[in-house]
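# Fold the following and give me the result.
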Amino acid sequence: MAITHPQGLRPHMHAAARVTAPAITKLGPVSSRILPSLVVLGAAYTVGTYVRSQLKREAGAMDRIFSQQNTPEVEQARKAALQVEANGDPRNNLLNLLGWS
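A predicted model of the protein is given here:
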């Protein structure tokens, strides 16, 4: 039985109601769980690689600067100022994490 308008006409359908939804391919249950993980891991790897390359570049620049300033006169002044003979060399300290290679 069709529902009719009081004047005997069928009610007007909105244009949005006539448009059919596009066919969406459904991912399998396995790929719907794996794909977001792969995206996150890929992004983390990309960021980690970028940070590592920047740290290597900056370390190389600092090594070049320090190698230019590492003369015997500078070393003698450093040993005298830090009292290396009395207190030990701070470069060999266990807490010197940045000096480890």
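# Skip ahead from the lengthiest helix in the chain and say which helix or strand is next.
Looking across the chain with DSSP state H, the single longest helix is helix 29-69. Counting by DSSP states H and E, the next helix or strand C-terminal to helix 29-69 is helix 72-82.
# Quick check: mean pLDDT of the helix or strand that that next one is followed by?
Per DSSP H and E, the first helix or strand lying C-terminal to helix 72-82 is helix 84-87. Average pLDDT, helix 84-87: 83.
# what about this protein, any weak spots by pLDDT?
Counting by pLDDT under 70, the chain has low-confidence residues at 1-27, 99-101.
# Tell me the spacing between the residue positioned nearest the centre of the chain and residue 38.
Computing the C-alpha centroid of the chain and ranking residues by C-alpha atoms, centre = their mean puts residue 47 first, at 3.0 Å. Distance of residue 47 to residue 38, computed by C-beta to C-beta, to the nearest Å: 15 Å. Backbone N, C-alpha and C define where each C-beta goes, glycine included.
# Also residue 48?
Relative to residue 38, and taking C-beta to C-beta, residue 48 is found at 15 Å.
# cool, residue 98 as well?
Applying C-beta to C-beta, the value for residue 98 to residue 38 is 35 Å.
# the more surrounded of those two?
Between residue 98 and residue 38, residue 38 has the larger neighbour count (other C-beta atoms under 10 Å), namely 10 against 6.
# I'd like to know how far the more buried one sits from residue 52.
Using C-beta to C-beta, we find residue 38 at a distance of 21 Å from residue 52.
# cool, residue 34 as well?
Taken as C-beta to C-beta, the span from residue 34 to residue 52 is 26 Å.
# For residue 78, grab the count of nearby residues.
Neighbours of residue 78 under the rule other C-beta under 10 Å: 14.
# how close does it get to residue 84?
Residue 78 is 8 Å from residue 84, by C-beta to C-beta.
# With residue 97 instead?
Remark: distance between residue 97 and residue 84 (C-beta to C-beta) = 20 Å.
# neighbour-wise, which of those two wins?
Between residue 97 and residue 84, counted using other C-beta under 10 Å, residue 84 has the larger neighbour count: 15 against 7.
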